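1. Sharing a sequence plus its predicted fold:
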Amino acid sequence: MRTETPTPLRTHATRSLTLAVMALLASELYAQTPALNIRTKNGYVAEERRKQQMERLARQYDLSKYTITRDIVIERGAINHSSPVLTLNLRFLDNDDLALSAYLHEQSHWYLMERHRPGNPQLFEDLQSAFPNLDYRVPNGDGELRSSYFHIAVCMLEWQATEELVGPVRARKVIEWKQKDHYTAIYEVLLIHREQVESVLNRNRVKW
């Protein structure tokens, strides 16, 4: 009986697959997300489902690096927003990657507010200089010039964080979906000029 000798390529592929599986298991078993204070606004069943979804994602992924505020409200009908209390609506109950990215987006706002406030004026000037004439009208932007430029940084931080947690392929799908849904000009800048955006952010020390 002839025994087939594993080729170097097959051995490398097997080792890579094994390491990938181990990394996935480690991320699920050893996630160290700090305890989140999640409450529902009205106690609706769907709000409770969104709360449970976020609690599950916090167990599945280590969100400690991307969690600045732990206080979170789930509110049906709300527009997702970061302050004064991070609030999430009921979109994406059926899509964990989009739900996770919504959380990371609002935490990215907190990053700029809490960890980069003194540098924000220069960040705004650099982003406006790099990407002049950004269409900030809804749905291309958020309706305001200054905050739309800051959203370039926020959405880039969101993409980077999502990428680190779920991988580049799934993260890009999230950004491509959002580019067709809202902030279309902002996400388009990221998809076309990612390296340039990251260069501006790195120069301003905007990094998780």
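-> Good, I have the coordinates. Numbering: from 1, shown residues only.
2. which residue is nearest the centroid of the protein?
-> Nearest to the mean C-alpha position of the chain, counting by CA atoms, centre = their mean, stands E158 at 3.0 Å.
3. what residue ranges in the chain are flagged as low confidence?
-> Per-residue confidence of the chain (counting by pLDDT under 70) places the weak regions at 1-31.
4. Please repeat the previous calculation with a cut-off of 90.
-> For the chain, the stretches with pLDDT under 90 are 1-34.
5. in it, which spans are helices?
-> 8-29, 45-60, 96-115, 120-130, 145-166, 168-179, 184-203 (DSSP state H).
6. Make TSV from these and add distance to L88 to it.
-> Every residue, glycine included, has its C-beta placed from N, CA and C. Output for those, formatted as TSV (distance: least, CB to CB, whole Å):
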stretch	distance to L88
helix 8-29	22
helix 45-60	7
helix 96-115	6
helix 120-130	24
helix 145-166	14
helix 168-179	15
helix 184-203	19
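7. per-domain residue ranges of the chain.
-> The record's domain parsing of the chain by automatic domain parsing lists 25-115, 119-208.
8. Among the helices of the chain, which comes closest to P84?
-> Of all the helices of the chain, it is helix 96-115 that lies closest to P84, at 10.6 Å by CB to CB.
9. The closest one vs helix 168-179, what angle?
-> Taking axes from the mean of the first three to the mean of the last three CA atoms, to 10 degrees, one finds that helix 96-115 is oriented at 80 degrees with respect to helix 168-179.
10. tell me the angle helix 96-115 makes with helix 45-60.
-> Angle of helix 96-115 versus helix 45-60, following the same axes, to 10 degrees, is 80 degrees.
11. now the angle between helix 120-130 and helix 96-115, please.
-> Using the same axes, to 10 degrees: helix 96-115 against helix 120-130 is 120 degrees.
12. Remind me what helix 96-115 packs against, helices and strands.
-> helix 45-60, strand 86-88, helix 145-166, helix 168-179 (3 or more CB pairs under 8 Å, 6 or more residues apart in numbering; DSSP states H and E).
13. which stretch among those comes nearest I186?
-> Among the helices and strands packed on helix 96-115, the nearest to I186 by CB to CB is helix 145-166 (5.0 Å).
14. re the thing from before, of all the helices and strands packed on helix 96-115, which one is nearest V200?
-> V200 lies closest to helix 145-166 among the helices and strands packed on helix 96-115, at 8.1 Å (CB to CB).
15. how far does the closest one sit from the chain's center?
-> Distance of helix 145-166 from its chain centroid, counting by CA atoms, centre = their mean, to the nearest Å, is 7 Å.
16. Next, the contact list for the residue nearest to E75 when sequence neighbours are not counted, please.
-> Nearest non-adjacent residue to E75, counting by CB to CB, 6 or more residues apart in numbering: K41, 3.8 Å away. By CB atoms under 8 Å, 6 or more residues apart in numbering, K41 lies in contact with E47, V73, I74, E75, R76, A78, T87.
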